[in-house]
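Peer 1: sequence first, predicted model second:
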Amino acid sequence: MLQKRDHSFDLLRIFCSFSVVCVHTTPMFSTYVTLNAGAFQNYLSLFIESFMRVGLPILVMISGILLLNRDVKDVSAFYKKRFIIILVPFLIIAPMHYVIVSHWTHAQITADDFLSRLLNSTGISIHFWFVYVIVGIYIVSPMFSVMVHKLDSTRAWTIIKIVAFTLIYNDYFSGAISGLQIPNFGVWLIYFIMGGLLTKVRIPRKVAWCTLSVGYFSTILIYWLHVNHYLSSSMGMFDSGFNMFLFSTSIVYLFMSADFKPGERVGNRLRFISTNTYVLYLIHVAVQITLAQFIATDWLIGNVFSFTLTFSTLIFTLSLAIAIILNKLIFNRITSFITDFDFYRFYSRKGAES
């Protein structure tokens, strides 16, 4: 099943990458309502942001789908491959981002400041937290791969129900029963595991469409109630909330179960774009901040949809072009060299020479 759905995941990864760009481009509904753009524009902002927030949970689930359904026999090789792919681009782009943003914000640039910020997941940029989360998930991934890899449908459904109950209790009823504490495994690890579990179960597509609708409109409702002070808590609406759990898992399942068979040319292009989305994610905020220095953004008031679509497409396209260039000229060469380099033989030779 997974082999037949590779292009579905490519398409889904591209969509999610675009949605993340939209989240960082479109004005937040909670802020937009203060700009006197009118009721229609306010609700349009609410619907757009609520929909685009689904991107990151899905990206984490895609990783779970691809990594938890394989038997990891060589853990060291797994770590080497995954960490090289994740860390090499990050450790090069992070200082680039730091310098670019510091230049535009007229902040002082020092090595000590950069290194201290590097030790904080959001110190250099608020969107870099995702890298730190993925690294942590990859560390424990082989352990969960052993657990998920050979699960049958019945056991997978049992785990999904327990996960759903845990999210509901911890987000909405925590403390209702004195002394009852359900361990929290971390929302992003849960999404990662859910990716692996979804490949084990079968859900009628009509049911998946219904849960998608419930999840999306629940997200809209909770966000609206929170902004208008009917709810004191956001109830984890964009990550751990059960609304986002339903919304994101439903989209992933619908893509997985779709009979999506593009032609070879289209499939190759989707795969090519998909392989560049990680670097695109890393650089898109710096691209956005740079473009904002030269392009007027005040026209977003009263034009939230056209602004989001136009500016997000521009940032996505430019970031993709830069990502392709960086991957081709720098990152692919470095990662290939490190991956193929035999560190054991190198240090053995050094030891013999000494």
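Peer 2: Yep, that arrived. Fair warning: this is a prediction, and the values are worked out from it, not measured in the lab.
Peer 1: which helices and strands does the helix or strand that contains I251 pack with?
Peer 2: Following DSSP states H and E, one finds I251 within helix 242-257. Counting contacts by 3 or more Cβ pairs under 8 Å, 6 or more residues apart in numbering; DSSP states H and E, helix 242-257 is packed against helix 6-25, helix 55-67, helix 153-168, helix 187-198, helix 205-227. Where C-beta positions appear, they are placed from N, C-alpha and C, glycine not excepted.
Peer 1: what average pLDDT does the last one get?
Peer 2: What it means is helix 205-227. Helix 205-227 shows a mean pLDDT of 97.
Peer 1: try the second one
Peer 2: Here the mean pLDDT over helix 55-67 is 95, rounded to a whole number.
Peer 1: same question, the third one
Peer 2: Taken as a whole, helix 153-168 carries a mean pLDDT of 94.
Peer 1: any idea how far apart the tips of stretch 141-159 sit?
Peer 2: In stretch 141-159, first residue to last residue: 17 Å (Cα to Cα, to the nearest Å).
Peer 1: circling back: export whichever helix or strand comes after the helix holding I251 to CSV, keeping only CA atoms.
Peer 2: Downstream of helix 242-257, the next assigned helix or strand under DSSP H and E is helix 264-275. What follows is helix 264-275, C-alpha atoms only, in CSV (Å, rounded to 0.1, in the frame of the first residue of the first chain):
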residue,chain,number,x,y,z
GLU,A,264,5.3,9.4,-14.7
ARG,A,265,6.1,13.0,-15.6
VAL,A,266,3.7,14.5,-13.0
GLY,A,267,4.8,12.0,-10.4
ASN,A,268,8.5,12.8,-10.9
ARG,A,269,7.8,16.5,-10.6
LEU,A,270,5.8,16.0,-7.4
ARG,A,271,8.6,13.9,-5.9
PHE,A,272,11.2,16.5,-6.9
ILE,A,273,9.3,19.3,-5.3
SER,A,274,8.5,17.2,-2.3
THR,A,275,12.2,16.4,-1.7
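Peer 1: can you list contacts of helix 264-275?
Peer 2: D6, H7, F9, D10, L11, R13, I14, P262, L320, N327 (Cβ atoms under 8 Å, 6 or more residues apart in numbering).
Peer 1: backbone dihedrals for Y138, please?
Peer 2: Torsion angles at Y138 (phi, psi; degrees, to the nearest 10) stand at phi -60, psi -30.
Peer 1: which residues are in contact with it?
Peer 2: For Y138, the contact set (Cβ under 8 Å, 6+ apart) comprises L67, Y79, R82, F83, I86.
Peer 1: now these as JSON lines including neighbour count and distance to A39?
Peer 2: JSON lines is the format used below for those (neighbours: other Cβ atoms under 10 Å; distance: Cβ to Cβ, whole Å):
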{"residue": "L67", "neighbour count": "21", "distance to A39": "45"}
{"residue": "Y79", "neighbour count": "15", "distance to A39": "52"}
{"residue": "R82", "neighbour count": "19", "distance to A39": "47"}
{"residue": "F83", "neighbour count": "15", "distance to A39": "49"}
{"residue": "I86", "neighbour count": "16", "distance to A39": "44"}
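Peer 1: in helices, which of the residues you listed fall?
Peer 2: L67, Y79, R82, F83, I86 (DSSP state H).
Peer 1: the last one reaches G136, doesn't it?
Peer 2: No. Counting by Cβ atoms under 8 Å, no contact exists between I86 and G136, whose distance comes to 11.0 Å.
Peer 1: how is the residue nearest to M28 when sequence neighbours are not counted assigned, secondary-structure-wise?
Peer 2: Distances taken as Cβ to Cβ, 6 or more residues apart in numbering put E49 closest to M28, at 6.3 Å, once the chain neighbours are dropped. What DSSP: H, G, I helix; E, B strand; the rest coil gives for E49 is helix.
Peer 1: confidence score at L118?
Peer 2: 96.
Peer 1: oops, could you answer that again for L329 instead?
Peer 2: Reported pLDDT for L329: 96.
Peer 1: near it, how many other residues are there?
Peer 2: 9 (other Cβ atoms under 10 Å).
Peer 1: any idea how far it lies from S274?
Peer 2: Going from L329 to S274 by Cβ to Cβ, to the nearest Å gives 19 Å.
Peer 1: which residues touch stretch 323-336?
Peer 2: For stretch 323-336, contacts defined as Cβ under 8 Å, 6+ apart pick out I84, I85, V88, P89, I92, I93, T275, N276, T277, V279, L280, I283.
Peer 1: from F305, how far out is Q41?
Peer 2: According to Cβ to Cβ, Q41 and F305 sit 8 Å apart.
Peer 1: the two: which has the busier surroundings?
Peer 2: When neighbours are counted by other Cβ under 10 Å, Q41 and F305 differ, and Q41 comes out ahead with 20 against 14.
Peer 1: OK, contacts around that one?
Peer 2: Q41 sits next to Y32, I301, G302, N303, V304 when contact means Cβ under 8 Å, 6+ apart.
Peer 1: ok, 10 Å please
Peer 2: By Cβ atoms under 10 Å, 6 or more residues apart in numbering, the contact list for Q41 reads P27, Y32, V33, L35, L300, I301, G302, N303, V304, F305.
Peer 1: which pair of the contacts of helix 264-275 spans the longest distance?
Peer 2: Farthest pair in the contacts of helix 264-275 (Cβ to Cβ) is P262 and N327. Separation: 22.4 Å.
Peer 1: more neighbours: which of these two?
Peer 2: Set side by side, P262 and N327 show more neighbours around N327, with 18 against 14, by other Cβ under 10 Å.
Peer 1: spell out the secondary structure type for the more buried one.
Peer 2: helix.
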